[in-house]
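**Student:** sequence first, predicted coordinates after that:
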2 protein chains.
Amino acid sequence: MTFTTRTPRIVAARRLQRRRDRDQTGRFLAEGPQAVREALAAGVVLELFGTGEALTRHGDLALLAPSVSEVDDEALVALTETVQPQGLVAVCEQIDVTLSAALAKGPRLVAVVAEIRDPGNAGTVLRTADAAGADAVIFAGDAVDPYNGKCVRASAGSLFHVDVVRTGLDIVDELRNFGLQTFATSGYGSEDLDSLLDEGALADPTAWIFGSEAHGLPQTLLDAADRQVRVPIYGGAESLNLAAAAAVCLYASARAHR
Amino acid sequence: MTFTTRTPRIVAARRLQRRRDRDQTGRFLAEGPQAVREALAAGVVLELFGTGEALTRHGDLALLAPSVSEVDDEALVALTETVQPQGLVAVCEQIDVTLSAALAKGPRLVAVVAEIRDPGNAGTVLRTADAAGADAVIFAGDAVDPYNGKCVRASAGSLFHVDVVRTGLDIVDELRNFGLQTFATSGYGSEDLDSLLDEGALADPTAWIFGSEAHGLPQTLLDAADRQVRVPIYGGAESLNLAAAAAVCLYASARAHR
């Protein structure tokens, strides 16, 4: 039997495109073979939907899923948000952990996205943090839902690799209690990344705190952090975009931690 | 007199949203106060259009433009490509220079975007290269037109700060002749950025060559370059996105060049 847009399980899955329904059910959608593969590896897939063609092509994935259902093209389009959906969508269990659970593992590199509402930006920082070897990514304050479809896609699977935490803005004390120095990034930071590198300040376990491109970090977080750090601008640009700034900071730490 | 969508100069300016017309006229559009300010500072504005309200609010910019015309809201929307246009659009002269002209200045840091067709990605690399102090950005091969509206916007003014070059793919010999070592980036590069840093290889004048996220660099460029370099991945991510990888590479050079 092929599921259609009117099949109750498709109707229910489709509601997961809305934050309210994700929050209520503790579930989210991961689309495309790459994300589905990572979700299966993480053991969080509850149900896999796919077109007949995609399920045949990705038979290895279909074998690993606890429940597999064929859907027609219209149902696939309804479940996905991309212009060219790639045939597979998984309903997954949300995987975030508490701040204390993540910190109890003794992470050496943590990224905080504070009040970042753009899902593409948040997902890209998640991907970059994972690439730089970060152990946890903390969505703090009124940040985007990490299970937002665009954030999941921008993370390119990294959502499943690191500890994801959702918490309030009041995080600095707890980070510090767990031995992490806290660097809040700001275009107006009093110290630049080069001076931190020169003094060897990046070798210790570090939490980098990033704010939105439009609004920067809330003043309370800037004040609470150990240091306010800016990425040096050597040329005429006014600033870096968030993805670039996060990459420079996180990779500077990664290299210092080798 | 307020210009409308039917005013011949608006009709002509609007055509600059198409690459063919930009190529034919050697002109392009820069929209929003920030881009207009940078274009004026670079001395390339031919004509400034704005709503009455925007021309009043940005009177300093209107004073600097060689020709200023008020447009109605409909004409402004027609001239701009953003959802919330910011009231000003400038017709500018294209500013790219030849490869030899750019290299004759003895640049120490150059970014090459090779066959990168995504205007947002190319513009972001332009902005990041400028921030890292690069002297020139080379659009090589079948890359996006640097004057594409989305590329201009993503560059956040950096289009006006660095030497922009449009040329073919066959650039490595000329870069080398001007004393630049050539590092082609690839997820499969035989050397990683850390080993280059460890051996002090970044101190010399360097051209970083970046390809598209989807297709990477053409094999001819990979073969021609002095080294094929990958950004190390410390975690579970498969790769970095282009903006992040370019930021890490260009800032590694910037720091080595201090």
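**Tutor:** Alright, I've got the coordinates.

**Student:** for the rest of this, base every contact and every neighbour count on C-alpha atoms.
**Tutor:** OK.

**Student:** check which helix or strand the residue in the stretch 51-200 of chain A that chain B sits nearest to maps to.
**Tutor:** Among the residues of the stretch 51-200 of chain A, A:G133 lies nearest to chain B; the distance is 4.2 Å by C-alpha to the nearest C-alpha. A:G133 belongs to no helix or strand when elements are defined using DSSP states H and E.

**Student:** wait, it touches B:P232, no?
**Tutor:** No: counting by C-alpha atoms under 8 Å, B:P232 is not a contact partner of A:G133; they are 9.8 Å apart.

**Student:** more crowded one of the two?
**Tutor:** More neighbours surround A:G133 than the other of A:G133 and B:P232, with 26 against 22 (other C-alpha atoms under 10 Å in any protein chain shown).

**Student:** list phi and psi for A:L221.
**Tutor:** Note on A:L221: its backbone torsions stand at phi -70, psi -40 [degrees, to the nearest 10].

**Student:** hmm, it is touching A:T185, no?
**Tutor:** No: contact between A:L221 and A:T185 fails when scored by C-alpha under 8 Å: they sit 10.1 Å apart.

**Student:** the more surrounded of those two?
**Tutor:** Neighbour comparison, A:L221 and A:T185: the larger count goes to A:T185, with 27 against 21 (by other C-alpha under 10 Å).

**Student:** got the phi/psi numbers for that one?
**Tutor:** A:T185 has phi and psi values of phi -90, psi 140 when expressed as degrees, to the nearest 10.

**Student:** could you say which helix or strand holds the spatially closest residue to it that is not a sequence neighbour?
**Tutor:** In space, A:T185 comes closest to A:V229 once its chain neighbours are excluded; the distance is 4.8 Å by C-alpha to C-alpha, 6 or more residues apart in numbering or on different chains. When elements are assigned from DSSP H and E, A:V229 belongs to strand A:227-230.

**Student:** just how off-centre is the next helix or strand after that strand within its chain?
**Tutor:** Scanning forward in sequence from strand A:227-230 by DSSP H and E, the next helix or strand is helix A:242-257. Average the C-alpha atoms of helix A:242-257, do the same for its chain, and the two points are 16 Å apart (C-alpha atoms, centre = their mean, to the nearest Å).

**Student:** same deal with stretch A:81-96?
**Tutor:** Stretch A:81-96 has its C-alpha centroid displaced from the chain centroid by 15 Å (C-alpha atoms, centre = their mean).

**Student:** try stretch A:73-85
**Tutor:** Stretch A:73-85 sits 22 Å away from the centroid of its parent chain (C-alpha atoms, centre = their mean).

**Student:** first vs last residue of that stretch, how far apart are they?
**Tutor:** Between the opening and closing residues of stretch A:73-85 there is a gap of 10 Å (C-alpha to C-alpha, to the nearest Å).

**Student:** before we move on, what about stretch A:235-250?
**Tutor:** Its start and end residues considered, stretch A:235-250 measures 21 Å (C-alpha to C-alpha).

**Student:** show residues contacting it.
**Tutor:** Counting by C-alpha atoms under 8 Å, 6 or more residues apart in numbering or on different chains, the neighbours of stretch A:235-250 from elsewhere in the structure are A:111, A:121, A:124-125, A:128-129, A:132, A:134, A:187, A:193, A:208, A:210, A:212-213, A:231, A:233, B:124, B:127-128, B:130-134, B:156-158, B:161, B:243-248, B:251.

**Student:** which residues does the spatially most central residue of chain A contact?
**Tutor:** Central residue check for chain A by C-alpha atoms, centre = their mean: the C-alpha nearest the mean position is that of A:L126, 3.9 Å away. A:L126 makes contacts with A:A111, A:V137, A:S155, A:S158, A:L159, as judged by C-alpha under 8 Å, 6+ apart.

**Student:** what sits against the fourth one?
**Tutor:** Going back to what we said before, that points to A:S158. A:L126, A:R127, A:D130, B:G236, B:A237.

**Student:** how about it, phi and psi?
**Tutor:** A:S158 has phi and psi values of phi -70, psi -20 when expressed as degrees, to the nearest 10.

**Student:** for A:V164, same thing?
**Tutor:** The phi and psi torsions at A:V164 (degrees, to the nearest 10) take the values phi -100, psi 130.

**Student:** beta-bridge partners for it, please?
**Tutor:** Listed beta-bridge partners, A:V164: A:V137 (assigned using DSSP bridges).

**Student:** so it touches A:Q94, yeah?
**Tutor:** No: proximity of A:V164 to A:Q94 does not meet the contact threshold set by C-alpha under 8 Å, at 9.7 Å.

**Student:** more neighbours: these two, which one.
**Tutor:** A:V164 (24 against 19).

**Student:** quick check, pLDDT for that one.
**Tutor:** Reading off the per-residue confidence, A:V164 sits at a pLDDT of 98.

**Student:** OK, contacts around it?
**Tutor:** Applying C-alpha under 8 Å, 6+ apart, we find A:V164 in contact with A:I95, A:D96, A:V97, A:A136, A:V137, A:I138, A:F139.

**Student:** go with 6 Å
**Tutor:** Listed by C-alpha atoms under 6 Å, 6 or more residues apart in numbering or on different chains, the contact set of A:V164 reads A:D96, A:A136, A:V137, A:I138.

**Student:** would a markdown table of those with distance to A:V68, neighbour count and pLDDT be doable?
**Tutor:** Compiled in a markdown table, the contacts of A:V164 are given as follows (distance: C-alpha to C-alpha, whole Å; neighbours: other C-alpha atoms under 10 Å in any protein chain shown; pLDDT from 0 to 100):
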| residue | distance to A:V68 | neighbour count | pLDDT |
| --- | --- | --- | --- |
| A:D96 | 24 | 22 | 97 |
| A:A136 | 31 | 28 | 98 |
| A:V137 | 31 | 30 | 98 |
| A:I138 | 32 | 28 | 98 |
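
**Student:** what number of residues lie near A:G200?
**Tutor:** For A:G200, the number of neighbouring residues by other C-alpha under 10 Å comes to 11.

**Student:** now it: closest residue in space, sequence neighbours ignored.
**Tutor:** For A:G200, the nearest residue in space outside its immediate sequence neighbours is A:A256; the separation is 8.0 Å by C-alpha to C-alpha, 6+ apart.

**Student:** relative to A:T206, how far out is that neighbour?
**Tutor:** Counting by C-alpha to C-alpha, the gap from A:A256 to A:T206 is 11 Å.

**Student:** nearest spatial neighbour of the spatially most distant residue from the centre of chain A, chain-adjacent residues omitted?
**Tutor:** Among the C-alpha atoms of chain A, the one most distant from their mean position (C-alpha atoms, centre = their mean) is that of A:M1, at 35.3 Å. Excluding its sequence neighbours, the residue lying closest to A:M1 (C-alpha to C-alpha, 6+ apart) is A:E70, at 7.3 Å.

**Student:** alright, that wraps it up for me.
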